[in-house]
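A.B. asks: Turn this into a structure:
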Amino acid sequence: MLEHLNAEAVRPARVVIIGAGGFVGGAIKGKLDSAGIDVLALARTQLDLLGDGAARCLAEMLRPTDSVVMVSAIAPAKSVPMLMQNLRMAESVCAALADKPIFHLVYVSSDAVYSDDANPVTEASYCAPSTLHGMMHAARELMLRSATNAPVAMLRPTLIYGAADPHNGYGPNRFRRQAEKGEPITIFGEGEERRDHILVDDVAALGQLMLEHRSFGVLNAATGIATSFLDIAHMLAAQFGNRVEVKSVPRPGPRPHLLHRFFDVTNRLKAFPDFRTTALADGLEAARRNT
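C.D. replies: Here you go, the predicted model:
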């Protein structure tokens, strides 16, 4: 589902990262900086996509030789106002892209675009989002594809974790912070739900590969290994010397109807045969050390 215009890796002339101040955007910037790739990093202080004149401002910055990474979002989109804000942000980017031709576009989307019954998930799985967050990404994918004649690649990560994550969602990031405070790591029920989690550094590395190969199409960013929340909690407890308790608490609502989600990563292995994701235990330890 992902094809390359460059059979061998070629350094982009310049990469414009829209949303460079965020968790994923910052990781991509760090990866490209380490590779010596010229980067124009646009955080909200440099470009407010909801501000007046945002499209014109962005268009004035763009060059025909630029590769653009669009990662800016208000996430997760949990309400209709948040959905509409995200679409307006994408509208500004689309207007700029329609005005100024670019060389390549990579959009960091989400696996939330897929239907809940897609198991295992592949890049060919049916897109039927059941959440506003998934709907937001699905809509933005269509908007961005229609806005430019440049090759467009969609990177759809599963659940991302890492030291700098600003959210405190249920899973590795919250568990680590609980352990750091000496609090019990709390799991809902038996913590039996199994999910695929990917280190933010691996998402950034895939983004770099897509830029260097001038890829187009769709690629899921997942490890192919689903782990229960109970096992993740015990991994982290062990990394903290088992000084913290893993504690079951009542669920705040009914058990999720999507109990497990698995990914088939065959297409990722075909697209980038030499790339390997970080093992969960190693990624958790890296996040702990970098906190």
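
A.B. asks: element containing the closest residue in space to residue 130 that isn't next to it in sequence, please.
C.D. replies: In space, and not counting its chain neighbours, residue 130 is closest to residue 116: 5.3 Å by C-beta to C-beta, 6 or more residues apart in numbering. Yep, even glycine has a C-beta here, placed from its N, CA and C like the rest. Secondary structure from DSSP states H and E places residue 116 outside every helix and strand.

A.B. asks: Okay, residue 116 and residue 12: tell me how far apart.
C.D. replies: Using C-beta to C-beta, to the nearest Å, residue 116 is found at 36 Å from residue 12.

A.B. asks: next one: residue 247
C.D. replies: In terms of C-beta to C-beta, residue 247 sits 47 Å off from residue 12.

A.B. asks: Looking at those two, which is more packed in?
C.D. replies: residue 12 (23 against 12; other C-beta atoms under 10 Å).

A.B. asks: pLDDT score for the closest residue to the more buried one other than its chain neighbours?
C.D. replies: In space, and not counting its chain neighbours, residue 12 is closest to residue 67: 4.3 Å by C-beta to C-beta, 6+ apart. Residue-level confidence at residue 67 comes out at 98, pLDDT.

A.B. asks: and the helix or strand hosting residue 67, which residues are buried?
C.D. replies: Element membership of residue 67 [criterion: DSSP H and E] is strand 66-70. Within strand 66-70, the residues that count as buried by 16 or more other C-beta atoms under 10 Å are 66-70.

A.B. asks: Show me what the helix or strand of the chain with the lowest mean pLDDT is packed up against.
C.D. replies: Scoring the helices and strands of the chain by mean pLDDT, DSSP states H and E places helix 280-290 at the bottom, with a mean of 91. Using 3 or more C-beta pairs under 8 Å, 6 or more residues apart in numbering; DSSP states H and E, the elements in contact with helix 280-290 are strand 159-161, helix 172-180, strand 194-199, helix 200-212, helix 229-239.

A.B. asks: So which bits of the last one are buried?
C.D. replies: By neighbour count, and taking 16+ other C-beta under 10 Å as the criterion, the buried residues in helix 229-239 are 229-230, 232-237, 239.

A.B. asks: measure residue 225 to residue 47 for me?
C.D. replies: In terms of C-beta to C-beta, residue 225 sits 37 Å off from residue 47.
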